[in-house]
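In: Got a predicted structure plus its sequence, pasted below:
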Amino acid sequence: MKKFILIFFLLFFLTGCDVEYNIELKDDVIYETIDIKGMASTKQQAEAIKEESLYVTTDQDRQYEKEIVATSNGYINRYKTNYFYKNMNKSFVANSCYDMIDVHEGDNRYYFITSDKVECSMYKYEYVNNITISFKTNHKVINHNADYVKDGVYYWKVNLDENQIKPLTMVVDKNTTDLSQKKSYNFDFVFTLLITVGTILGVGIIFIIYIYVKNKKNNKL
């Protein structure tokens, strides 16, 4: 198992790079997206990274979907997958950095809790710059210890050079959809509806004016 962990993180940290580990809890499904930035300056380098094996869970049951994204600063290697939320404690990526990942349900809530210390440095990945972990959900958030929140997304910044204490805690309501996201959806729907109705009314008024003016001219003749 450690062999696969080593392969995975060597990809990240052989050269200085930034890693974004994005987690989205939608209903009862976790969607993971991992972006490796600043490692591949050419497409050939990105393709070489893409060839390496990267398993979704510690059971090595399947691999991530892989893609390469071109940017103005080089290439991003992107890995994507999804699984039932309780399987997050088997997540290959999460288990590579934390000794313990507790995912459980209780009091009509979902709990996501890790151990205190980020242990990625135990494999001597001294060339990592930063890891940004984000958590997004359509559930109402009850409690969290994120470094900051922006546009409804919760962020933790991890600097492995400092080998810092950075536990993750996220507690969400099991059944209640976050009202702020629902309001955003409702606003978009109402705005689109108003635009559509306004357009139809506008066209109708123009048509009525056109008929009125045309009939008025005919009556004069």
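Out: Yes, it's here.

In: Can you pull out the low-pLDDT segments for the chain?
Out: The chain contains residues with pLDDT under 70 at 1-16, 53-55, 58-60, 119-128, 163, 176, 178-191, 207, 210, 212-221.

In: hey, where'd the helices end up in it?
Out: 2-13, 43-50, 92-97, 179-220 (DSSP state H).

In: Please state the offset of the second one from the chain centre?
Out: So the one you mean is helix 43-50. Relative to its chain's centre, helix 43-50 lies at 23 Å (CA atoms, centre = their mean, to the nearest Å).

In: Tell me who's in contact with Gln45.
Out: Met39, Tyr75 (CB atoms under 8 Å, 6 or more residues apart in numbering). To be clear about C-beta, it is placed using only N, CA and C from the backbone, and glycine gets the same treatment.

In: what's the distance between Val19 and Ser91?
Out: Here Val19 is placed at a distance of 14 Å from Ser91 (CB to CB, to the nearest Å).

In: Compare the two (neighbour count), which wins?
Out: Val19 (25 against 22; other CB atoms under 10 Å).

In: Go ahead and confirm the more buried one touches Ile133.
Out: No: if you go by CB atoms under 8 Å, Val19 and Ile133 don't touch, sitting 9.1 Å apart.

In: quick check: domain ranges of this protein?
Out: 2-177, 179-221 (automatic domain parsing).

In: Near Val171, how many residues? Count them for me, please.
Out: Neighbours of Val171 (other CB under 10 Å): 17.

In: Skip the chain neighbours and tell me the closest residue to Ser115.
Out: Closest residue to Ser115 apart from its sequence neighbours, by CB to CB, 6 or more residues apart in numbering: Met100 at 4.0 Å.

In: same question, Asn143
Out: With CB to CB, 6+ apart as the measure, Val171 is the residue that lies nearest to Asn143, at 4.1 Å, once sequence neighbours are left out.
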